[in-house]
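Colleague: Fold the following and give me the result.
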Amino acid sequence: MDIVVLGGGLAGLSASLAFARSGHDATLLERDPPPEAFEPDEVFESWDRRGIAHFRQPHNFLGLARDVLLEQAPDLLEAVVELGTHWSGTSSWSSTPGRSQSSA
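Modeller: Got it, this is the predicted structure:
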């Protein structure tokens with residue numbers, strides 16, 4: 001089945017990933033242009049995400065999201081960790097690939 005997902009925020013990215021991994025052809029459409037920078041701090045400071053009003057507010061990678069990624073997309077979770085994700089809380093921290101409680 002061909003599926004079009006509108007919006008590249010957290011919900012749109014998650015839906016696209018789930019559809020694609022369940023065998024569907026998923027196309028993600030995002031109105032905001034991609035960031036010009038690649039370094040996370042530069043992206044945070046300079047990327048104009050008009051479609052996501054709360055883009056620059058502090059966020060935590062919630063324990064539930066981490067648990068879902070650990071179960072459904074461990075390869076994606078590992079990539080996020082390698083890119084320097086800042087963790088908070090304790091849910092599944094010790095079972096996250098390459099991480100331990102003492103690393104917090």
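
Colleague: Show residues contacting the biggest helix by length in the chain.
Modeller: The residue-count maximum for a helix in the chain (DSSP state H) belongs to helix 10-21. Helix 10-21 is touched from outside by 3, 5-6, 26-28, 30, 72-73, 76, with contacts defined as Cβ atoms under 8 Å, 6 or more residues apart in numbering. All C-beta atoms are positioned from the backbone trio N, CA, C, and that covers glycine.

Colleague: pLDDT added to those, as CSV?
Modeller: Converted to CSV, the contacts of helix 10-21 look like this (pLDDT from 0 to 100):
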residue, pLDDT
3, 97
5, 97
6, 95
26, 96
27, 97
28, 96
30, 92
72, 88
73, 90
76, 89
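
Colleague: Which of the residues you listed fall within strands?
Modeller: Applying DSSP state E to the contacts of helix 10-21, the entries found in strands are 3, 5-6, 26-28.

Colleague: Closest one of the residues you listed to residue 53?
Modeller: Comparing the ones in strands among the contacts of helix 10-21 against residue 53 with Cβ to Cβ places residue 6 closest, at 16.2 Å.

Colleague: Please report the distance of the nearest residue to the closest one once chain neighbours are set aside from residue 76.
Modeller: Nearest residue to residue 6, sequence neighbours excluded (Cβ to Cβ, 6 or more residues apart in numbering): residue 29, at 5.5 Å. Distance, residue 29 to residue 76, using Cβ to Cβ, to the nearest Å: 20 Å.

Colleague: More neighbours: the two, which one.
Modeller: Neighbours per residue, other Cβ atoms under 10 Å: of residue 29 and residue 76, the larger number sits with residue 76, 14 against 11.

Colleague: wouldn't that one be in contact with residue 69 here?
Modeller: Yes. Contact criterion Cβ atoms under 8 Å: residue 76 and residue 69 qualify, at 5.8 Å.

Colleague: Where does pLDDT dip in the chain?
Modeller: Applying pLDDT under 70 to the chain flags residues 56-62, 86-104.

Colleague: mind listing the helices for it?
Modeller: In the chain, the helices defined using DSSP H lie at 10-21, 40-46, 63-72, 74-82.

Colleague: thinking again about what came up before, just how off-centre is the longest helix of the chain within its chain?
Modeller: Here helix 10-21 is found 10 Å from its chain centre; the criterion is Cα atoms, centre = their mean, to the nearest Å.

Colleague: All set now, cheers.
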